[in-house]
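Engineer: coordinates only, sequence not included:
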């Protein structure tokens, strides 16, 4: 994903991980669990909360946005 795609994400969208797979060899599914945070001083900085399963939470940032694709 690039910066414009990450900025256009909305809550509830499903994303697929590029390299991590489930036990049945399908890509891991993550979904957006909150709103996109964009910084005013640095337009290239973003932070998006994501969730996988019941207990695994994380964030999409400018460093790891290349690891996820839209479904």
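Structural biologist: Cool, the structure landed. This one's a predicted model, so the numbers in the text were calculated from it and none came from an experiment.
Engineer: Residue 2 is in contact with residue 65, correct?
Structural biologist: Yes. Residue 65 lies in contact with residue 2 (Cβ atoms under 8 Å); the separation is 7.4 Å. All C-beta spots, glycine's among them, are computed from the backbone N, C-alpha and C.
Engineer: what's near enough to touch the residue nearest the centre of the chain?
Structural biologist: Nearest to the mean C-alpha position of the chain, by Cα atoms, centre = their mean, lies residue 60 at 4.5 Å. Residue 60 makes contact with 1, 6, 9, 46-48, 50, 68, according to Cβ atoms under 8 Å, 6 or more residues apart in numbering.
Engineer: Mind giving me the ChimeraX select for those residues, buried ones only?
Structural biologist: In ChimeraX, a selection of the buried entries from these looks like this (16 or more other Cβ atoms under 10 Å):
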select :1,6,9,46,48,50,68
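Engineer: Among the contacts of residue 60, which lie within strands?
Structural biologist: Secondary-structure check on the contacts of residue 60 using DSSP state E: residues within strands are 46-48, 50, 68.
Engineer: Those residues into JSON lines, with extra columns for pLDDT and distance to residue 26?
Structural biologist: JSON lines is the format used below for those (pLDDT from 0 to 100; distance: Cβ to Cβ, whole Å):
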{"residue": "46", "pLDDT": "96", "distance to residue 26": "27"}
{"residue": "47", "pLDDT": "97", "distance to residue 26": "27"}
{"residue": "48", "pLDDT": "97", "distance to residue 26": "22"}
{"residue": "50", "pLDDT": "97", "distance to residue 26": "17"}
{"residue": "68", "pLDDT": "95", "distance to residue 26": "15"}
